[in-house]
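In: Provide a 3D model corresponding to the input given below.
(chains A and B)
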Protein chains: 2
Amino acid sequence: MKIINYKDVLPTVMDSEKIKNVVGRVMLGKEDGVKNFCMRLFEMGPAGYTPLHAHNWEHEVFVHSGQGEVFIKDAWYSLKDGSAVFVPPNIEHQFRNTSDKPFIFVCLIPSGAPEL
Amino acid sequence: MKIINYKDVLPTVMDSEKIKNVVGRVMLGKEDGVKNFCMRLFEMGPAGYTPLHAHNWEHEVFVHSGQGEVFIKDAWYSLKDGSAVFVPPNIEHQFRNTSDKPFIFVCLIPSGAPEL
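Out: Take a look at the predicted model:
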């Protein structure tokens, strides 16, 4: 078992040409003995974004707070607290913050995919 | 793909001797083409609780809002917004609301387990 608040998990800063103003945390992962899927939490500052990319595993996302958008395939869609997103495998996608508050969401992936 | 806010998903009322004041929603499930794991959202009113039970699949939980507790194996643990919980398979567990506000969390399960 494991119980943890995201505020107690050390964040990994993710900042490069392709990803801006994002910190990631592995909430429940292989080190915790989870077998089937991994929970990460991402916190995005103002003007933050994740890379535009595709990969052969899916995402299941739940937005905890803030306001943002997800690009899937060919369009942007609005997200806010309480939104859920399914991004199927091999579909181009990207997340971005559209407010001046933190945009915070959990993103689950199947085991075997890179945890962060 | 799928994008939906939990407020737009019809809730299923769950109320019996073993489960009180809980509504469940399948956010991302087999009808949406998800292959590996399913996201449900539970909203628990004051004094609400889920059954004390065990089953051969795990839970990964993320608390969206409110305050509650989870019983795992032999003790109760406090939960609040931003808490994550891993309940391994075959461990007795139960969730309950400990405030007078809604206690809202997503709970993910591997495919094959009952979605609600």
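In: Only C-alpha atoms from now on, for both contacts and neighbour counts.
Out: Noted.
In: Up against chain B, what does chain A have?
Out: When proximity is defined as Cα under 8 Å from any Cα of the partner chain, chain A approaches chain B at A:1-7, A:27-28, A:34, A:36-37, A:39, A:60, A:64, A:72, A:81-88, A:110.
In: so what does the stretch of helix or strand A:Ala84 belongs to touch, helix or strand wise?
Out: Per DSSP states H and E, A:Ala84 falls inside strand A:83-87. Judged by 3 or more Cα pairs under 8 Å, 6 or more residues apart in numbering or on different chains; DSSP states H and E, strand A:83-87 is in contact with strand A:59-65, strand B:2-5, strand B:20-28.
In: Just the buried ones from the residues of chain A next to chain B?
Out: Among the residues of chain A next to chain B, those classed as buried by 16 or more other Cα atoms under 10 Å in any protein chain shown are A:1, A:3-6, A:27-28, A:34, A:36-37, A:39, A:60, A:64, A:72, A:81-88, A:110.
In: thought A:Phe37 was touching B:Lys35?
Out: No - the pair A:Phe37 / B:Lys35 is not scored as a contact, 11.4 Å apart, by Cα atoms under 8 Å.
In: if I look at the residue nearest to A:Asn21 when sequence neighbours are not counted, how far off is chain B?
Out: Distances taken as Cα to Cα, 6 or more residues apart in numbering or on different chains put A:Gly48 closest to A:Asn21, at 4.6 Å, once the chain neighbours are dropped. A:Gly48 sits 20 Å away from chain B, going by Cα to the nearest Cα, to the nearest Å.
In: now for the helix or strand harbouring A:Gly48, which elements pack on it?
Out: Secondary structure from DSSP H and E places A:Gly48 in strand A:37-49. Under the contact criterion of 3+ Cα pairs under 8 Å, 6+ apart, strand A:37-49 touches strand A:20-28, strand A:93-97, strand A:103-110.
In: In stretch A:13-33, which residues are buried?
Out: Under 16+ other Cα under 10 Å, the buried positions of stretch A:13-33 are A:Met14, A:Ile19, A:Lys20, A:Asn21, A:Val22, A:Val23, A:Gly24, A:Arg25, A:Val26, A:Met27, A:Leu28, A:Gly29.
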